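Novice: what's the 3D shape of this:
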Amino acid sequence: MLTGDLRNKVDQVWNAFWSGGIANPIEVIEQITYLLFLRALDSDQAREDNKALRLKTQPVHLIPAGVDAQGRPHDAMRWSRFKNMAPAEMFEVLSNQVFPFLRGLQASGGPAAESAFARHMQGARFTIPTPGLLAKVVDLLDTIPLDDRDTKGDLYEYMLGKIAAAGQNGQFRTPRHIIDLMVALTAPTPQDTICDPASGTCGFLVAAGEYLRRTYPDMLRVPAQNRHFHHGMFHGYDFDNTMLRIGSMNMVLHGVEHPAIEYRDSLAEGAAGDAEAYSLILANPPFAGSLDYENTAKDLQQTVKTKKTELLFLALFLRLLKTGGRAAVIVPDGVLFGSSKAHKELRRKLVEEQKLDAVISLPGGVFKPYAGVSTAILLFTKTMSGGTDHVWFYDMQADGWSLDDKRQPLLDASLLGLQRFVDGRNQLSETERAKNNLPDVLERWGQRSGTERTRPRTAQSFCVPKADIEANGYDLSINRYKEVVHEQVQHRAPGDILAELRALEDEIARGMGVLEGMLK
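Specialist: Numbering: from 1, shown residues only. As a prediction, this is how the structure comes out:
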């Protein structure tokens, strides 16, 4: 957990970036990301040097030895060296030596080029405007214990939380507590292969990794599971190089050594090489706008003929999943009740050809201040043979934060998110639960094949048989099935009300008469 002092330092640097002319929060994080990578690279080089000294062998050079073409020592590119330089000299080294080295890292073919982060360095740009700002940022990062996975991961999450600009390439951050809920609902296992086809900053993949570390503490002691965790479990795709760099660093700082974070337009033709490759998909794909129909993958068009990105992504998820694989994905409400042929056909496929497990309606302001669109979480399992029996619906009313643009916490920090979901039970009081539904969602999800089957449709959660969904044209909006209890109100007879009004008028008239007599 980050201390208040460390948060204050990050805030000071953030403000310094803004006053220094860098107003885009993503660019700020990108510049800090490069510096974090340089520090980690220097730490790895020091480890290799010590290993070579102990074994009396030649060290592996992650950072080249000797001098460059201009006669400058490569050694100056190490964090432990340039952090002690004067600001002007440090600025010169990073501008003219370090960043050209980073941009050529993948092409160099050296050991450092094998890093998960290195392959996204080709477009690395150094945009810190002044030596003074650079020195301040380097001093801050040098005080952070990067040997502590939790601290460096929390630091990065704190910085990512500062992305508050809507519309940056159509991207916005999914709230961490919603991500944690979706991960807990799908319960990843050490055998899973997990994918987010619209990964952005890799929040879903990071949360899945943290869930696995907590739930299976001995997992990394098993050689095969350790290898799978670090080299084969996590896959993310995006077509924004800045997001790829930030997402890769987020994974590395959270302790995943070689995540497969790749450049890819997931919906484009020619991106079908990983069909049926994953056992779990966690995603909040972009659902604003339409795509060029001609450039969209033909196999997705065969599944659902549309230009709507939200429908194409659902078709993509079905293609990517192995049979038996499961998914938890966020969709706009229009997917649930849209009346177009494509909307209806895709919902029919989910219900009839796959196993639709649940529809969780999210509060309307959950993505504010980025967007006010109403959304839901779909949970389904790919079977290719049906299997939908009952669909579990939950009408989430509160997520622990205010549903306005400020998104202020409504409860103490210890009561937010899933912290009070303990041993499969919701530990919040009724008053607290009314402000944070998340533990209740998870508890009732575990009971969806039991007591939830008998709950009335007037409740916050209930199950609907497949036959009812079919009869309603595969409409998946919760309002289609939820019943509203109308409280019976006894109204007074009109004659009684009129009599009372006449009595009041007489009383007012008498009062006015007395007042007139006093004034004469």
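
Novice: For this structure, give me the ranges with low pLDDT.
Specialist: Low-confidence regions of the chain, defined by pLDDT under 70, span residues 1-2, 106-110, 112-114, 116, 163-172, 269-273, 288-299, 486-488, 519-520.

Novice: Ile360 in helix, strand or coil?
Specialist: On the three-state scheme (DSSP: H, G, I helix; E, B strand; the rest coil), Ile360 is labelled strand.

Novice: Quick check: which element contains the closest residue to it other than its chain neighbours?
Specialist: The spatial neighbour of Ile360 that comes closest, neighbours along the chain excluded (C-beta to C-beta, 6 or more residues apart in numbering), is Ile377 at 4.1 Å. From N, CA and C alone the C-beta is placed, and that goes for glycine too. Assignment of secondary structure by DSSP states H and E places Ile377 within strand 375-381.

Novice: returning to what we had before: can you tell me how far the residue nearest to Ile360 is from His228?
Specialist: As defined by C-beta to C-beta, to the nearest Å, Ile377 lies at a distance of 27 Å from His228.

Novice: and what of Pro409?
Specialist: Counting by C-beta to C-beta, the gap from Pro409 to His228 is 37 Å.

Novice: the more surrounded of the two?
Specialist: Neighbours around Pro409 and His228, counted as other C-beta atoms under 10 Å, are more numerous at His228. The numbers are 17 against 13.

Novice: Give the full set of residues in contact with that one.
Specialist: Pro190, Gln191 (C-beta atoms under 8 Å, 6 or more residues apart in numbering).

Novice: tell me which element it falls in.
Specialist: Counting by DSSP H and E, the element that carries His228 is helix 223-231.

Novice: Following that helix in sequence, what is the next regular element?
Specialist: Defined by DSSP H and E, the subsequent element after helix 223-231 is strand 234-238.

Novice: same for that next one, what does it pack against?
Specialist: In this structure, strand 234-238 packs against strand 194-196, helix 203-215, helix 241-253, strand 260-263, with contacts taken as 3 or more C-beta pairs under 8 Å, 6 or more residues apart in numbering; DSSP states H and E.

Novice: helix, strand or coil for Leu442?
Specialist: Leu442, by the three-state scheme (three-state DSSP), is helix.

Novice: Does it touch Arg420 like I think?
Specialist: No: between Leu442 and Arg420 there is no contact, the gap being 10.3 Å when judged by C-beta atoms under 8 Å.

Novice: re earlier: please look at the residue nearest to Ile360 and Ala358 and confirm they touch.
Specialist: Yes: under the criterion of C-beta under 8 Å, Ile377 makes contact with Ala358 at 7.5 Å.

Novice: Spit out the residues that contact the two alike.
Specialist: Common contacts of Ile377 and Ala358, defined by C-beta under 8 Å, 6+ apart, comprise Leu185.

Novice: Quick check: the residue nearest to Gly424 when sequence neighbours are not counted vs Asp154, distance?
Specialist: Closest residue in space to Gly424, ignoring its immediate chain neighbours: Gly446 at 6.0 Å, by C-beta to C-beta, 6+ apart. From Gly446 across to Asp154, the span is 29 Å (C-beta to C-beta).

Novice: which residues do Leu442 and Arg420 both contact?
Specialist: Asn426.

Novice: top strand in this structure by residue count?
Specialist: Identified as the longest strand of the chain according to DSSP state E is strand 321-332.

Novice: For that one, buried residues please.
Specialist: Going by neighbour count (16 or more other C-beta atoms under 10 Å), the buried part of strand 321-332 is Leu321, Gly325, Arg326, Ala327, Ala328, Val329, Ile330, Val331, Pro332.

Novice: Equivalent analysis for stretch 260-270, please.
Specialist: Within stretch 260-270, the residues that qualify as buried by neighbour count (16+ other C-beta under 10 Å) are Ala260, Ile261, Glu262, Arg264, Asp265, Ser266, Leu267.

Novice: Report the backbone C-alpha coordinates of it in PDB.
Specialist: C-alpha atoms of stretch 260-270 as PDB (Å, rounded to 0.1, in the frame of the first residue of the first chain):
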ATOM      1  CA  ALA A 260       2.000 -11.300 -24.400                       C
ATOM      2  CA  ILE A 261       0.900  -7.700 -25.000                       C
ATOM      3  CA  GLU A 262       0.700  -7.300 -28.700                       C
ATOM      4  CA  TYR A 263      -0.200  -4.700 -31.300                       C
ATOM      5  CA  ARG A 264      -3.400  -5.900 -33.000                       C
ATOM      6  CA  ASP A 265      -6.700  -4.500 -34.300                       C
ATOM      7  CA  SER A 266      -8.700  -7.400 -32.900                       C
ATOM      8  CA  LEU A 267     -11.600  -6.900 -35.400                       C
ATOM      9  CA  ALA A 268      -9.600  -6.500 -38.500                       C
ATOM     10  CA  GLU A 269      -9.200  -9.100 -41.300                       C
ATOM     11  CA  GLY A 270      -6.100 -11.200 -40.800                       C
END
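
Novice: Centre of the chain to it, how far?
Specialist: 19 Å (C-alpha atoms, centre = their mean, to the nearest Å).

Novice: For Val137, give me its contacts.
Specialist: Val13, Ala16, Gln31, Ile32, Leu35, Ile128.

Novice: ok, it to Leu35 distance?
Specialist: Val137 is 6 Å from Leu35, by C-beta to C-beta.

Novice: And Leu53, by the same measure?
Specialist: Leu53 is 27 Å from Leu35, by C-beta to C-beta.

Novice: Looking at the two, which is more packed in?
Specialist: In this comparison of Leu53 against Leu35, neighbours counted by other C-beta under 10 Å, the higher total goes to Leu35 at 20 against 10.

Novice: can you confirm that one is in a helix?
Specialist: Yes: membership of Leu35 in a helix is supported by three-state DSSP.

Novice: Any idea which of the helices and strands packed on strand 234-238 gets closest to His491?
Specialist: helix 203-215 (53.0 Å; C-beta to C-beta).

Novice: Tell me the buried residues in that closest one?
Specialist: Residues Gly203, Phe204, Leu205, Val206, Ala207, Ala208, Gly209, Glu210, Tyr211, Leu212, Arg213 are the ones in helix 203-215 that count as buried (16+ other C-beta under 10 Å).

Novice: Nearest to Gln302 among the residues you listed?
Specialist: Using C-beta to C-beta, those come closest to Gln302 at Phe204, 27.3 Å.

Novice: where does the closest residue to that closest one other than its chain neighbours land in three-state SS?
Specialist: Among residues not flanking Phe204 along the chain, Leu282 sits closest, at 3.9 Å (C-beta to C-beta, 6+ apart). Applying three-state DSSP to Leu282 yields a three-state assignment of strand.

Novice: What separation do you get for Leu282 and Ile360?
Specialist: Here Leu282 is placed at a distance of 14 Å from Ile360 (C-beta to C-beta).

Novice: Likewise for His61?
Specialist: In this structure, His61 and Ile360 are separated by 51 Å, where distance is defined by C-beta to C-beta.

Novice: who has more neighbours, these two?
Specialist: Higher neighbour count among His61 and Ile360: Ile360, with 25 against 16, using other C-beta under 10 Å.

Novice: in the protein, which spans are strands?
Specialist: Listed in chain order (using DSSP E), the strands of the chain are 194-196, 234-238, 260-263, 278-283, 321-332, 355-361, 375-381, 390-395, 421-422, 425-426, 461-465.

Novice: Quick one: these as a markdown table, columns for distance to Asp475 too.
Specialist: As requested, the strands of the chain are arranged in a markdown table below (distance: least, C-beta to C-beta, whole Å):
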| stretch | distance to Asp475 |
| --- | --- |
| strand 194-196 | 28 |
| strand 234-238 | 31 |
| strand 260-263 | 37 |
| strand 278-283 | 23 |
| strand 321-332 | 14 |
| strand 355-361 | 11 |
| strand 375-381 | 13 |
| strand 390-395 | 11 |
| strand 421-422 | 31 |
| strand 425-426 | 29 |
| strand 461-465 | 10 |
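
Novice: And those strands: which comes nearest Asp404?
Specialist: Proximity of these to Asp404 was assessed by C-beta to C-beta; the nearest stretch is strand 375-381, lying at 16.6 Å.
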